[in-house]
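In: generate coordinates for the sequence data below:
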Amino acid sequence: MNKKSKASKDKEAQIKRTNRPPGKYFRTIFAYWILFRILVSYTWFRVQARFYGKSGAANLLKRKHRRNAKRIRNGITKLQGLFIKVGQLISILTNFLPEEFRQELEGLQDQVPPHPYDDIEKRLRDELDGTGPEETFRDFDKRALAAASIGQVHAATTLTGEKVAVKIQYPEIETLMRADIRILRRIFNVLERWMPDQGLSDVYMEIRTMVVAELDFEKEAQSITTIAKNFHGRPGFAFPKVFSDLSTKRVLTTSFEEGIKASNIIEIDKANIPRRELAEKIIYGYCEQIFKDGFYHADPHPGNILARLSKDGSPEVVFLDFGATARVSDAMRKGMAEIVQGGIASDTQRVLRALRAMGFIAKTADPDVYEKIVEFFHQRFHDEIRVESLSLKDIRFDPSKGFENLADLRQMDISFSEFTKQFHVPKEWILLERTFLLLMGLCTELAPDLNPLDIIQPYVEKFLLGDRDPATFVMNAAKELLFSAISLPGEIRRAMGSLQKGNMEVRFSNLDYNVDTLYRLGHQLIYTLLGVFSGGLSLALWDRGHHDLGITSGAVSGFFLFVLMGSMWRERRRRRRIRRKNLKNNHF
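Out: Now for the predicted structure:
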């Protein structure tokens with residue numbers, strides 16, 4: 001009995017190979033060291049780029065991106081804690097990172113090293129009134145099934161014989177979270193100096209809010225129960241059952257759900273699960289959650305969705321890990337409908353009200369600036385909209401004629417920095433966008449020929465219209481547009497609105513240039529008059545015999561003539577310079 005079998009030795013060796021994250025002092029120094037190396041890398045690139053051509057500098061920059069992305073990923077894996085969650089979220093939620101960074105950080109989803117079992121046992125005893133796994137469960141597997149940034153999952157069997165999955169937070173996670181949040185805030189402050197127009201402070205706040213929320217397992221248990229209840233009567237979906245007596249704020253025990261990861265195409269094919277039907281069911285399940293229930297599972301990465309065959313042989317979708325959930329608020333629901341109606345009816349104020357209600361207008365935004373921006377792009381898109389029938393799916397516009405480049409901002413006399421300060425993407429929309437991006441990626445792997453919009457379209461129409469018929473919706477919007485056009489043309493209405501607000505501006509083309517030209521012409525006229533007067537006076541004095549005064553007066557006349565010729569020569573050069581500058585701007 002004292003002799004251990006090879007299997008038990010392998011099991012113990014795997015448990016010992018696990019590691020815990022470094023302490024807060026080391027992780028602080030290590031995080032700043034990685035940041036320092038990355039900043040030095042890009043600073044050195046600026047020097048190197050001067051000796052490369054355009055294509056050479058672009059290739060060099062890509063290599064820098066890949067090298068720094070690997071540094072970040074390796075650092076995140078070593079530090080663990082909040083940084084893993086940050087890497088996962090940033091890889092999806094932001095669009096300011098180069099593609100090389102997103103590709104590297106996406107690999108963090110399922111590659112988190114587990115903690116030593118001693119840490120897990122200690123946390124269980126603290127949470128379950130001093131009783132350990134041996135007293136609480138009939139059997140408890142010391143090897144982790146999966147490890148995430150804030151906790152890991154172990155398989156177990158209850159005293160009544162039910163197989164369960166036990167998710168346990170790491171003992172030091174609260175301390176590490178507080179330290180990591182401080183580090184992360186400082187790093188984002190540094191990065192914001194390098195990228196001031198990317199809204200990094202908002203990204204930091206959203207990440208902080210989402211990560212802190214995921215630490216509450218009681219909230220996750222409520223989310224599982226709520227969504228499972230919403231799906232009562234919808235066949236083809238399964239959810240874990242929560243064991244409340246074995247769960248706390250830091251420990252969550254649920255029924256163990258068998259299945260194959262939805263991204264494991266080989267195993268799904270071996271199990272004879274029809275992939276297209278599975279993909280359709282996953283999309284259908286999310287449409288029911290988002291557009292009907294208004295409460296949805298917001299983290300559909302492949303590890304959180306399992307596939308299996310139901311008793312009748314059809315695919316069954318199993319949802320796991322409800323740490324990230326979100327609601328579609330009434331303000332967001334009504335705002336979307338208002339934007340569509342306001343867009344069709346050419347009612348910019350209606351669109352603005354909807355954007356404010358949905359939280360897209362920043363609190364510190366300048367009304368004059370964001371109204372000008374929304375008005376400009378609303379008019380741009382409205383010019384391209386065409387309704388081909390009485391259905392929302394037949395409303396078309398040409399996005400290629402939208403925000404094509406920064407020339408649009410120059411037309412509005414607005415800088416890019418001003419543009420980014422006017423708008424804020426709310427957390428609700430970020431989570432919704434992230435969910436759809438992950439969902440579309442997963443379904444593309446399962447069924448590349450499937451068009452998800454065919455399934456989503458009816459839900460979107462119902463979501464936006466409620467009980468109204470699509471034809472009635474479009475007709476009402478068309479009537480509003482017709483009445484608006486009959487009452488006053490759009491340009492006059494906007495001018496009247498600006499006049500009422502006291503914001504009417506009268507602009508003259510090339511006013512500075514014309515004023516400067518008039519100023520120079522005035523000087524030339526004065527020089528001419530003084531020269532003519534001095535010349536006439538010189539002739540009069542000469543005829544009367546005052547030769548000395550006549551010569552002096554003639555010299556003065558010559559001086560003014562010389563000044564006049566110099567002024568005319570400078571004006572000619574100025575015009576040529578302005579003409580060349582205009583030609584250059586038009587060329588670019």
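In: got the CA coordinates for the longest strand anywhere in the chain in PDB?
Out: Identified as the longest strand of the chain according to DSSP state E is strand 137-147. The C-alpha trace of strand 137-147 is given here as PDB (Å, rounded to 0.1, in the frame of the first residue of the first chain):
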ATOM      1  CA  PHE A 137     -17.700  15.900  -0.800                       C
ATOM      2  CA  ARG A 138     -17.700  12.200  -1.400                       C
ATOM      3  CA  ASP A 139     -14.900  12.700  -3.900                       C
ATOM      4  CA  PHE A 140     -12.900  15.700  -4.900                       C
ATOM      5  CA  ASP A 141     -10.400  15.700  -7.800                       C
ATOM      6  CA  LYS A 142      -7.200  17.600  -6.800                       C
ATOM      7  CA  ARG A 143      -6.400  18.300 -10.400                       C
ATOM      8  CA  ALA A 144      -8.000  21.400 -11.900                       C
ATOM      9  CA  LEU A 145     -10.300  21.000 -14.800                       C
ATOM     10  CA  ALA A 146      -9.800  24.600 -15.900                       C
ATOM     11  CA  ALA A 147      -8.100  27.700 -14.600                       C
END
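In: list the buried residues of that strand.
Out: For strand 137-147, the buried set under the neighbour-count rule, 16 or more other Cβ atoms under 10 Å, comprises 137, 140, 141, 142, 144, 146, 147. For every residue, glycine as well, the C-beta is placed using N, CA and C.
In: list the residues that contact the second one.
Out: Just to be clear, that refers to residue 140. With contacts defined as Cβ atoms under 8 Å, 6 or more residues apart in numbering, residue 140 is in contact with 133, 134, 154, 156, 157, 166.
In: JSON lines please, covering those and showing pLDDT.
Out: Listed next are these as JSON lines, based on pLDDT from 0 to 100:
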{"residue": "133", "pLDDT": "91"}
{"residue": "134", "pLDDT": "89"}
{"residue": "154", "pLDDT": "95"}
{"residue": "156", "pLDDT": "96"}
{"residue": "157", "pLDDT": "96"}
{"residue": "166", "pLDDT": "96"}
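In: top of those residues by neighbour count?
Out: With neighbours taken as other Cβ atoms under 10 Å, the top of the contacts of residue 140 is residue 166, carrying 27 neighbours.
In: correct me, but it touches residue 152?
Out: No. Residue 166 lies out of contact with residue 152 (Cβ atoms under 8 Å); the separation is 9.4 Å.
In: pretty sure residue 253 is in a strand, no?
Out: Yes. Applying DSSP: H, G, I helix; E, B strand; the rest coil, one finds residue 253 inside a strand.
In: please report how far the closest residue to it other than its chain neighbours lies from residue 44.
Out: Ranked by Cβ to Cβ, 6 or more residues apart in numbering and with sequence neighbours excluded, the top spatial neighbour of residue 253 is residue 246, at 3.8 Å. Per Cβ to Cβ, to the nearest Å, residue 246 is found 55 Å from residue 44.
In: show me the shaky parts of the stretch 401-550 of the chain.
Out: Across the stretch 401-550 of the chain, the ranges flagged by pLDDT under 70 are 401-420, 464-525, 527, 532-536, 540-543, 549.
In: output the contacting helices and strands for the strand or helix carrying residue 121.
Out: Taking DSSP states H and E as the criterion, residue 121 maps to helix 117-127. Other helices and strands packing on helix 117-127, by 3 or more Cβ pairs under 8 Å, 6 or more residues apart in numbering; DSSP states H and E, are helix 133-136, strand 163-169, strand 251-255.
In: list the buried residues in the longest one.
Out: Within strand 163-169, the residues that qualify as buried are 164, 165, 166, 167, 168, 169, counting by 16+ other Cβ under 10 Å.
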